[in-house]
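# Got a predicted model here, sequence first, then my questions.
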Amino acid sequence: MTYCFYICVCLCLVIFQTTIIPHISLFNNFYDPLIPFICYLGLFRTARESILFILVLGFLMDNLSGGPFGLYLTTYFWLFIVVKIVIQYVHVNNILLLFVVAAGVLMENIIFIAGVSMSGPDSQFSAISIRTVIFQILWAGCTGFFFITFFNHIHKKLEKWFNGLIAEKS
């Protein structure tokens, strides 16, 4: 049941990211919507349950993005690992939820900039790139908490519903 939830959420987010976001001018500088889901997995799910799914998701996004192969895979993997390390030392609360997605967006952009910088000597970043990163971090700070709370709420409801169905069958 858990993997079905993961697959449905990720397919919806990938479709949202690739078909809807590019056509709405309000979302021109929107961040990768899979980052809150990776953060949710790191905060509320076990590594055993999540790691394979994160690797497959990174591989899928690398194939869809057209960028350097392994960029999303690396980003998602390390974001998950960093979130797991952070929650060992910091209690998960609403304040952490406000900052974890913004930090994830910043981490993704740093990895992307490093990856693009290594790809060629003539790759430069303009003020537009920096402005885009700032807008993405602001978007993440405003919406990340709601995404993570939504994923957690829906997952709990689906688990309760699914366990109720199993109990009825028994």
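Thanks, I have it.
# OK, contacts around the closest residue in space to Tyr76 that isn't next to it in sequence?
Spatial nearest neighbour of Tyr76, excluding adjacent residues (Cβ to Cβ, 6 or more residues apart in numbering): Gly58 at 4.2 Å. Glycine gets a C-beta too; all of them are placed from N, C-alpha and C. Neighbour list for Gly58: 72-77 [criterion: Cβ atoms under 8 Å, 6 or more residues apart in numbering].
# switch the cut-off to 10 Å
Each residue near Gly58 by Cβ atoms under 10 Å, 6 or more residues apart in numbering is listed here: 34, 38, 70-77, 79-80.
# Phe146 too?
By Cβ under 10 Å, 6+ apart, the contact set of Phe146 is 36, 97, 101.
# Could you find the lowest-pLDDT member of the residues you listed?
pLDDT is lowest at Leu97 among those; the value there is 80.
# Run a quick neighbour tally on it.
20 (other Cβ atoms under 10 Å).
# elements contacting the host helix or strand of it?
Using DSSP states H and E, the element containing Leu97 is helix 94-119. Using 3 or more Cβ pairs under 10 Å, 6 or more residues apart in numbering; DSSP states H and E, the elements in contact with helix 94-119 are helix 34-44, helix 71-89, helix 127-169.
# quick one, it and helix 127-169 angle?
130 degrees (axes from the mean of the first three to the mean of the last three Cα atoms, to 10 degrees).
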